[in-house]
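Engineer: Got a sequence here, can you model it:
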Amino acid sequence: MSAAEPEKQDLPAAHSHSDDYDPERHERPGIISSSSDDDDYHHHDDTASSRVGPSLSPVASAMPRTSRLSRTVSEVRDGMLNQRDLEIGEDSNDGDGSKEQQQQQTPDPNLVTWDGPDDKENPKNWSLNKKWMDVLLVSLFTFISPISSSMVAPALPVIGEEMHITGRTEQVLVMSIFVAAYAVGPLLWGPLSELYGRVLILQASNVWFFGFNLGCALARTEGQMVAFRFLAGLGGSAPLAIGGGILGDLFAAEQRGKAMSVYSLMPLLGPAIGPVAGGWIAQQTSWRWVFWSTTIACGLIQAVGLVFLRETYAPVLLHRKRVQLVRATGNAALRTEYDHPERTLAQTLGKALTRPFRLLGTQLIVQILALYMTYLYGTIYILFSSFPTLFAEEYHERPGIQGLNYISIGLGFFLGTQVCAPLQDRIYAALKRRYVPDGGPGRPEFRVPLMVPGAVLVPVGLLIYAWTAEYRTHWIGPNIGALIFSLGSIIGFQCVQGYLVDTYTRFAASAVGAATVLRSLAGFGFPLFAPEMYQALGYGKGGTILAVAAIVVGWPAPILLWYFGAKWRAQSKFSA
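Structural biologist: Numbers count the residues shown, from 1 in each chain. Coordinates of the predicted model:
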């Protein structure tokens with residue numbers, strides 16, 4: 001990136017008020033916007049937010065913690081307006097004017113907030129052990145669904161024979177219809193998690209996935225299988241939408257890289273590991289055990305989550321605090337920044353559910369990154385779906401041995417995470433010292449440099465995979481290509497997700513959800529045309545087309561974001 005590195009003035013702060021930002025506490029000393037309508041969050045009287053002003057001296061005798069309730073609005077902002085992650089609110093002008101035009105007013109004495117910047121109830125102040133417990137648990141939720149998406153791949157011929165599914169495209173549909181549901185689910189689960197909290201929606205959706213995945217194990221016809229697979233994918237898509245928000249709840253931007261690397265590995269590692277297990281299960285037992293096994297694993301993860309997973313979403317936690325304070329003090333006037341009794345639940349849901357589409361339709365950053373994620377995800381699933389045909393027909397391998405080839409993809413994802421996890425935070429910190437010497441906030445553009453090697457590795461890996469398969473080299477040849485491709489893909493994924501979460505901290509779920517819609521449609525559609533493409537063009541020419549597309553889509557993205565990202569963010573009413 002050094003050759004293309006701009007002068008320091010080429011990376012302007014995203015907003016004019018960023019000079020007042022305290023990077024240590026992640027808060028601004030400025031006080032509440034004069035527009036009380038600034039935030040969309042509304043859940044009747046169960047609104048998920050809270051804060052208490054200095055007028056609540058009676059609380060001190062009732063609740064010892066509230067002796068620290070006197071605070072500035074900067075404390076109100078801490079972990080809330082600037083860091084809350086799932087787009088509960090948005091500027092009340094809805095685009096009529098920039099964020100710099102918002103006015104200020106004095107704090108409301110009845111406003112409930114954190115007990116100071118070091119409040120241990122704020123997830124950003126939790127211990128590292130407590131934070132990483134939630135990271136690992138949500139990563140497990142994110143792992144079990146994608147592993148189910150591809151675990152069925154080696155069993156497709158057996159399922160097709162038993163259910164009389166003769167066409168190759170129809171057999172692939174049994175696998176890819178699961179991913180098609182990923183295009184719908186995040187648009188529902190993300191906004192709902194903003195109203196009812198991360199944990200409730202995550203666990204409810206996992207129960208949904210459990211039930212319909214069990215239905216797949218009991219299916220008797222093609223129609224039942226396709227329907228149950230789609231519905232199972234709908235429930236399994238929730239962690240993909242909610243997980244990024246949980247990381248935003250727990251970590252500041254400069255600390256988020258490692259957690260993001262672990263979390264973003266799971267949606268890709270799952271599909272790589274699934275066929276390895278699925279191949280041996282289908283060969284040694286029955287294809288139905290492909291679904292029985294994932295259903296059992298889902299139940300175990302659900303049980304662990306019920307015991308250990310804690311709510312991280314600040315508005316929900318603060319709402320609970322408000323309820324406690326109202327009971328303790330009898331002061332029914334207490335409110336939170338996100339309480340808007342003048343709005344109906346239908347209005348709130350309407351804004352929340354349409355926001356991903358508005359982001360995708362109006363935000364150039366979302367469009368660029370969604371396009372790149374779409375290509376990567378679709379191509380990954382082309383490899384997943386082409387492995388059984390390649391290694392069965394060209395290398396004459398049995399299902400169990402075929403599944404072992406997916407280890408190369410999983411190994412690439414793992415190595416990419418090991419490279420990206422430490423480097424993301426290190427590069428972010430170094431660029432922050434260079435471009436923000438006054439200690440101001442970091443910028444999403446500091447995620448961009450690692451996108452460059454990832455964008456280079458993707459087409460290189462595709463070309464190696466394509467031409468070694470074309471000339472039927474030793475089986476290690478296509479596997480090396482797949483490893484290099486997956487290595488570049490996971491680096492790209494982690495940088496893209498990090499940039500989206502950093503840019504749209506308040507609206508991260510909508511931004512990630514918008515990108516997830518497109519990438520999931522690609523994961524569904526790309527494998528359907530891949531067999532015909534390879535049959536018509538061969539692995540060599542077909543893979544070359546994919547590699548050229550990777551260059552066209554992937555190489556301009558980091559350049560555009562590095563030079564123009566800050567400008568686009570400054571013009572956006574959605575950016576943090």
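
Engineer: Going by C-alpha atoms from here, please, whenever you check contacts or count neighbours.
Structural biologist: Noted.

Engineer: Could you list the low-pLDDT ranges of the stretch 201-350 of the chain?
Structural biologist: 338-345 (pLDDT under 70).

Engineer: Next, count neighbours for the residue nearest to Gly299 when sequence neighbours are not counted.
Structural biologist: Excluding the flanking residues, the one nearest Gly299 by Cα to Cα, 6 or more residues apart in numbering is Phe210, at 7.0 Å. Neighbourhood size, Phe210 [other Cα atoms under 10 Å]: 23.

Engineer: Repeat that for Leu431.
Structural biologist: Count around Leu431 with other Cα under 10 Å applied: 18.

Engineer: For it, which residues are in contact?
Structural biologist: Each residue near Leu431 by Cα atoms under 8 Å, 6 or more residues apart in numbering is listed here: Phe446.

Engineer: That one in helix, strand or coil?
Structural biologist: Classification of Leu431 using DSSP: H, G, I helix; E, B strand; the rest coil returns helix.

Engineer: Which other helices and strands does the one helix or strand Ile273 maps to contact?
Structural biologist: Assignment of secondary structure by DSSP states H and E places Ile273 within helix 256-284. Judged by 3 or more Cα pairs under 8 Å, 6 or more residues apart in numbering; DSSP states H and E, the packing partners of helix 256-284 are helix 128-151, helix 238-250, helix 288-308, helix 399-404, helix 406-435, helix 476-503.

Engineer: The residue nearest to Gly299 against Cys298, yeah?
Structural biologist: Yes: using Cα atoms under 8 Å, Phe210 makes contact with Cys298 at a distance of 6.3 Å.

Engineer: Count residues in the vicinity of the closest residue to Asp118 other than its chain neighbours, would you?
Structural biologist: Leaving out its chain neighbours, the residue that sits closest to Asp118 by Cα to Cα, 6+ apart is Asn125, at 6.5 Å. By the criterion of other Cα under 10 Å, Asn125 has 17 neighbours.

Engineer: repeat for the one 3 residues further on
Structural biologist: A count of neighbours around Leu128, defined by other Cα under 10 Å, yields 11.

Engineer: Give me the distance between it and Leu250.
Structural biologist: Going from Leu128 to Leu250 by Cα to Cα, to the nearest Å gives 9 Å.

Engineer: Over to Leu195?
Structural biologist: For Leu195 relative to Leu250 (Cα to Cα), the value is 18 Å.

Engineer: Neighbours of Arg322, how many?
Structural biologist: 26.

Engineer: Let's verify it: helix, strand, or coil?
Structural biologist: Classified using three-state DSSP, Arg322 is helix.

Engineer: and if you look at the one 10 residues further on?
Structural biologist: Following three-state DSSP, the label given to Ala332 is coil.

Engineer: From Gly523, how far off is the nearest residue to it once chain neighbours are set aside?
Structural biologist: Distances taken as Cα to Cα, 6+ apart place Val326 nearest to Ala332, at 5.8 Å, with adjacent residues excluded. Taking Cα to Cα as the measure, Val326 falls 49 Å from Gly523.

Engineer: which one of those two has more residues nearby?
Structural biologist: In this comparison of Val326 against Gly523, neighbours counted by other Cα under 10 Å, the higher total goes to Gly523 at 27 against 15.

Engineer: Report the mean per-residue pLDDT for stretch 379-394.
Structural biologist: Per-residue pLDDT over stretch 379-394 has a mean of 85.

Engineer: Pull the residues that contact that stretch.
Structural biologist: 150, 153-154, 172, 271-272, 397-399, 402-403, 405-406, 469, 472, 482, 486, 523, 526-527, 530-531, 546.

Engineer: Just list the residues touching the closest residue to Ile165 other than its chain neighbours, thanks.
Structural biologist: Nearest residue to Ile165 in three dimensions, chain neighbours excluded: Gln171, at 6.3 Å (Cα to Cα, 6+ apart). Taking Cα under 8 Å, 6+ apart, we find Gln171 in contact with Leu156, Pro157, Gly160, Ile165.

Engineer: which stretches of this protein have low pLDDT?
Structural biologist: 1-106, 338-345, 506, 576.

Engineer: What's the separation between the residue most central in space within the chain and Phe228?
Structural biologist: With distances taken as Cα atoms, centre = their mean, the residue of the chain nearest its centroid is Gly244 (4.1 Å). With distances defined as Cα to Cα, the gap from Gly244 to Phe228 amounts to 27 Å.

Engineer: Repeat that for Arg443.
Structural biologist: Applying Cα to Cα, the value for Arg443 to Phe228 is 43 Å.

Engineer: give the contact list for the closest residue to Thr417 other than its chain neighbours.
Structural biologist: Once flanking residues are discounted, Thr417 sits nearest to Ser261: 5.7 Å by Cα to Cα, 6+ apart. Contacts for Ser261 (Cα under 8 Å, 6+ apart) come out as Thr417, Cys420, Ala421, Gln494.

Engineer: count of residues packed around the last one?
Structural biologist: By other Cα under 10 Å, 28 other residues sit near Gln494.

Engineer: For it, list the residues it contacts.
Structural biologist: So, once contact is read as Cα under 8 Å, 6+ apart, Gln494 ends up touching Met260, Ser261, Ser264, Cys420.

Engineer: Out of these, which is nearest to Ala333?
Structural biologist: Taking Cα to Cα as the measure, Ala333 sits nearest to Met260 out of the contacts of Gln494, at 39.3 Å.

Engineer: count of neighbours near that closest one?
Structural biologist: Residues near Met260, counting by other Cα under 10 Å, number 27.

Engineer: show me what contacts it?
Structural biologist: Met260 neighbours (Cα under 8 Å, 6+ apart): Gly244, Leu247, Ala421, Gln494, Gln497, Gly498.

Engineer: how close does it sit to Pro267?
Structural biologist: From Met260 to Pro267 the distance is 12 Å (Cα to Cα).

Engineer: quick one, what contacts the closest residue to Gly488 other than its chain neighbours?
Structural biologist: Of all residues beyond its chain neighbours, the one nearest Gly488 is Gly454 (4.0 Å), with distances taken as Cα to Cα, 6+ apart. Residues counted as contacts of Gly454 (Cα under 8 Å, 6+ apart) are Leu487, Gly488, Ser489, Ile490, Ile491, Gly492.

Engineer: got the contact list for the third one?
Structural biologist: For Ser489, the contacting residues are Leu376, Phe413, Gly454, Ala455, Leu457, Val458, by Cα under 8 Å, 6+ apart.

Engineer: most neighbours, which of those?
Structural biologist: Ranking the contacts of Ser489 using other Cα under 10 Å puts Val458 first, with 29 neighbours.

Engineer: Report the secondary structure element holding that one.
Structural biologist: helix 451-470.

Engineer: Just checking, which helix or strand succeeds the strand or helix carrying Gly542 along the chain?
Structural biologist: Assigned by DSSP H and E, Gly542 falls within helix 508-554. Counting by DSSP H and E, the element after helix 508-554 in chain order, helix or strand, is helix 556-570.

Engineer: Next, the angle from that following helix to helix 451-470.
Structural biologist: 150 degrees (axes from the mean of the first three to the mean of the last three Cα atoms, to 10 degrees).

Engineer: Show me which positions of helix 556-570 end up buried.
Structural biologist: Residues of helix 556-570 classed as buried: Ala557, Pro558, Ile559, Leu561, Trp562, Tyr563, Phe564, Gly565, Ala566, Lys567, Arg569, Ala570 (neighbour count, 16 or more other Cα atoms under 10 Å).

Engineer: same deal with stretch 228-235?
Structural biologist: Phe228, Arg229, Phe230, Leu231, Ala232, Gly233, Leu234, Gly235.

Engineer: would you turn those into a markdown table with secondary structure and distance to Thr348?
Structural biologist: Listed next are the buried residues of stretch 228-235 as a markdown table, based on DSSP: H, G, I helix; E, B strand; the rest coil; distance: Cα to Cα, whole Å:
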| residue | secondary structure | distance to Thr348 |
| --- | --- | --- |
| Phe228 | helix | 31 |
| Arg229 | helix | 31 |
| Phe230 | helix | 28 |
| Leu231 | helix | 26 |
| Ala232 | helix | 27 |
| Gly233 | helix | 26 |
| Leu234 | helix | 23 |
| Gly235 | helix | 23 |
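
Engineer: Perfect, I'm done here.
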